[in-house]
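Participant: Model the following, please.
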Amino acid sequence: MSDNASLAEVRQYISDSKFAVLNYVRDDLAPIARSIGSFFLDGDDLFFSTGKDAAKVSEIAKRPRVSLHFEHEGQSLESWKNLLLVGDAELISPGSPEQQRAIEALSVKSPRFRERVARGELASIAIFRVHVREYHYLDFTKGYIPARFELA
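Facilitator: Take a look at the predicted model:
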């Protein structure tokens with residue numbers, strides 16, 4: 001399989017995922033893992049939302065390198081797949097064209113996000129763009145060696 005076909009498969013896995021685990025580092029250097037449900041992939045950028053007042057917003061601003069882990073529920077070991085993305089997160093400027101595009105895409109992907117926007121809660125939402133640097137994809141149907149893609 002070519003790297004492009006594998007990368008397309010990785011992107012489809014993200015699209016098919018309902019949840020992801022966002023990992024970042026706190027001020028005291030403790031690793032933190034938080035589940036997120038509103039995210040979408042756009043090329044090599046992954047967008048996600050969180051509460052504007054969540055501790056992760058200020059923590060990520062200080063240490064923008066994050067990872068996101070995707071793993072579908074109910075898999076058997078023989079067909080196990082999971083994915084880890086590594087990249088640098090950046091808060092999207094409120095009112096920017098990029099924010100509007102992200103709001104539209106997040107609303108399609110996440111009913112909960114769409115409901116929050118409909119209730120007028122946009123001012124309490126922070127949206128991040130993660131420029132993905134690495135994909136680590138494990139697919140046991142193809143053996144036990146993870147595929148790794150590093151991006152420029």
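
Participant: Every contact and neighbour count from this point should use C-alpha atoms.
Facilitator: Will do.

Participant: Would you map the strands across this protein?
Facilitator: Ranges of strands within the chain are 20-25, 31-36, 39-42, 45-51, 65-70, 81-91, 125-139, 147-150, based on DSSP state E.

Participant: For these, give me TSV that also has mean pLDDT and mean neighbour count.
Facilitator: Output for those, formatted as TSV (pLDDT from 0 to 100; neighbours: other C-alpha atoms under 10 Å):
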stretch	mean pLDDT	mean neighbour count
strand 20-25	97	20
strand 31-36	96	13
strand 39-42	93	20
strand 45-51	94	20
strand 65-70	97	20
strand 81-91	95	20
strand 125-139	93	21
strand 147-150	76	15
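
Participant: Of the ones you listed, which is nearest residue 99?
Facilitator: When the strands of the chain are ranked by distance to residue 99, counting by C-alpha to C-alpha, first place goes to strand 125-139 at 7.3 Å.

Participant: Pull up the pairing partners for the closest one, direction included.
Facilitator: For strand 125-139, the paired strands and their directions (DSSP bridges) are strand 45-51 (antiparallel), strand 81-91 (antiparallel), strand 147-150 (antiparallel).
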